[in-house]
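Asks: The following comprises the amino acid sequence and a computationally predicted model.
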Amino acid sequence: MRMRGWIIIVALFALQPFGHAADSAAADVDTYVEKFNPDIFALDADQHPVYAQKNAFSSPASDIARDVADNNWFNLLVFLPFLILPQVLLLVVIFKFRDRGDGRKPATFMTNHKLELAWTAIPCLALVIVSVPVWTLLYKMELPPANIDTNNPNQATIVKVTGKQFSWMYEYKHENISIGSDAASMQEPLILVHGRAVLLNFTSIDVNHAWWVPAFGVKKDSFKGRFTNTWFTPTVSGVFKGQCAELCGQGHGIMFVSAVVVEPAEFEVYKKLQKHRADTFKIWSLIQQEPGVTASDADMQTAIAKYFEKDASEERRFALRYWIASNFTSLRRKPQDQVLHNDINSTYMSKRDRLEHLIAAVPTVNPAESVE
Ligand SMILES: [Cu+2]
């Protein structure tokens with residue numbers, strides 16, 4: 001019961017931007033921009049708390065990563081004697097059979113069939129022992145277990161991942177969301193749900209790539225004309241970084257992978273934001289133009305009126321604010337020519353303010369029934 005209470009409180013908190021307290025939305029907007037659009041190019045990643053989980057062995061962030069880490073420790077345990085035993089024998093021989101100056105002759109025998117058989121058979125046996133859990137895990141990585149209903153969006157997120165020189169496109173099957181590039185043509189993160197299985201189907205539209213996030217314990221090749229797949233359940237919330245792991249051309253080094261693991265209630269917010277995204281493009285193209293170019297009030301009002309024609313709900317207002325703020329965040333982060341950079345940095349807050357005023361002039365009309 002206590003657990004359920006907490007879940008409701010957390011959910012109410014997370015869904016607040018679509019509730020009545022929309023006036024404090026500016027702060028909420030920035031909170032969500034930080035959550036769904038983190039700076040994956042931050043160089044001081046170690047000092048950034050969101051990058052805390054980086055390694056499958058020291059801090060596994062999925063069930064599969066946990067298995068990979070356990071498997072690694074098991075292998076180490078099996079192979080450790082092979083590392084230690086020769087060192088011990090070497091020390092014994094060095095000290096026990098050293099030349100004591102008493103004229104003793106060393107032994108000169110050449111073969112010992114029993115010994116040779118043993119040192120061939122025992123390592124072979126060790127490899128067989130290690131291969132059993134390894135093969136089991138490799139098969140487990142391919143498809144989720146039968147008790148996870150992949151047709152149920154609350155149990156599994158299915159994403160088609162398409163690699164291309166030099167970025168990733170993500171298509172969410174149940175949620176009908178397509179993402180890939182942000183307003184600055186930079187890679188967008190894959191948004192995943194804490195505790196919800198994710199099934200990834202990989203392909204490529206050009207050369208071979210490999211999707212790799214160490215903390216999730218998965219690395220999968222993507223090929224043109226073929227599908228490969230893997231799955232895992234994120235067990236830690238936060239931002240996770242990866243990298244294309246197949247040399248795919250000139251931009252391979254900057255072909256990043258990033259994922260944000262959020263709570264279920266936050267994912268609901270994300271879905272709603274995505275639903276309105278395409279409709280905000282027109283307004284964005286008016287707001288952000290060449291340095292020094294400003295859209296007229298009449299043009300802005302027309303575009304905003306058109307945007308709110310569908311509905312003028314809190315949800316839709318919040319989505320517009322969110323996408324404009326998120327787009328500016330992406331642009332400000334991208335290295336670009338100095339004139340454009342200075343222009344964006346000196347004008348983006350006043351542009352956001354102008355938008356706030358224009359939105360405020362449109363009366364809020366929440367739709368009678370929610371359009372899901
Ligand atoms: Cu690549």
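Replies: That came through fine. Residues are numbered from 1 along each chain as shown.
Asks: any idea how far the ion is from residue 32?
Replies: Going from residue 32 to the ion by Cβ to the ion, to the nearest Å gives 29 Å. Glycine gets a C-beta too; all of them are placed from N, C-alpha and C.
Asks: can you check residue 313 too?
Replies: Distance, residue 313 to the ion, using Cβ to the ion: 40 Å.
Asks: List phi and psi for that residue.
Replies: Backbone torsions for residue 313, taken as degrees, to the nearest 10, come to phi -80, psi 170.
Asks: That one: neighbour count?
Replies: Applying other Cβ atoms under 10 Å, we find 19 residues neighbouring residue 313.
Asks: now swap in residue 143 and tell me
Replies: 13.
Asks: and the chain, which of its residues are near the ion?
Replies: Contacts of the chain with the ion, taken as Cβ under 5 Å from the ion, map to 209, 244, 248, 255.
Asks: got a markdown table for the residues you listed, with secondary structure, neighbour count and distance to residue 219 too?
Replies: What follows is the residues of the chain next to the ion, written out as a markdown table (DSSP: H, G, I helix; E, B strand; the rest coil; neighbours: other Cβ atoms under 10 Å; distance: Cβ to Cβ, whole Å):
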| residue | secondary structure | neighbour count | distance to residue 219 |
| --- | --- | --- | --- |
| 209 | strand | 32 | 11 |
| 244 | coil | 25 | 10 |
| 248 | coil | 20 | 14 |
| 255 | coil | 23 | 14 |
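Asks: Could you single out the nearest of those to residue 83?
Replies: Using Cβ to Cβ, residue 244 is the member of those that lies nearest residue 83, at 33.4 Å.
Asks: which residues sit in contact with the closest residue to the closest one other than its chain neighbours?
Replies: Closest residue to residue 244 apart from its sequence neighbours, by Cβ to Cβ, 6 or more residues apart in numbering: residue 255 at 3.7 Å. Contacts of residue 255 were listed using Cβ atoms under 8 Å, 6 or more residues apart in numbering, and they are 165, 166, 167, 168, 187, 209, 243, 244, 248.
Asks: One more: residue 235?
Replies: Contact analysis of residue 235 by Cβ under 8 Å, 6+ apart lists 60, 61, 62, 63, 66, 194, 195.
Asks: Tell me the one of these nearest residue 327?
Replies: The closest of the contacts of residue 235, once distances to residue 327 are taken by Cβ to Cβ, is residue 194, at 26.5 Å.
Asks: In the top helix by length along the chain, which of the residues would be classed as buried?
Replies: Longest helix of the chain, by residue count under DSSP state H: helix 63-96. For helix 63-96, a neighbour-count test (16 or more other Cβ atoms under 10 Å) marks 63, 64, 65, 66, 67, 68, 69, 71 as buried.
Asks: ok, which pair from those residues is furthest apart?
Replies: So, the buried residues of helix 63-96 by Cβ to Cβ: farthest apart are 63 and 71, at 12.6 Å.
Asks: Ramachandran coordinates for the spatially most central residue of the chain?
Replies: Computing the C-alpha centroid of the chain and ranking residues by Cα atoms, centre = their mean puts residue 259 first, at 1.3 Å. The phi/psi pair for residue 259 (degrees, to the nearest 10) reads phi -140, psi 140.
Asks: What pLDDT is listed against it?
Replies: Here, the pLDDT recorded for residue 259 equals 93.
Asks: Just the pLDDT at the closest residue to the ion within the stretch 251-372 of the chain, thanks.
Replies: With Cβ to the ion as the measure, residue 255 is the residue of the stretch 251-372 of the chain nearest to the ion, at 4.3 Å. For residue 255, the pLDDT comes out at 90.
Asks: got it, and residue 206?
Replies: Here the pLDDT value assigned to residue 206 is 94.
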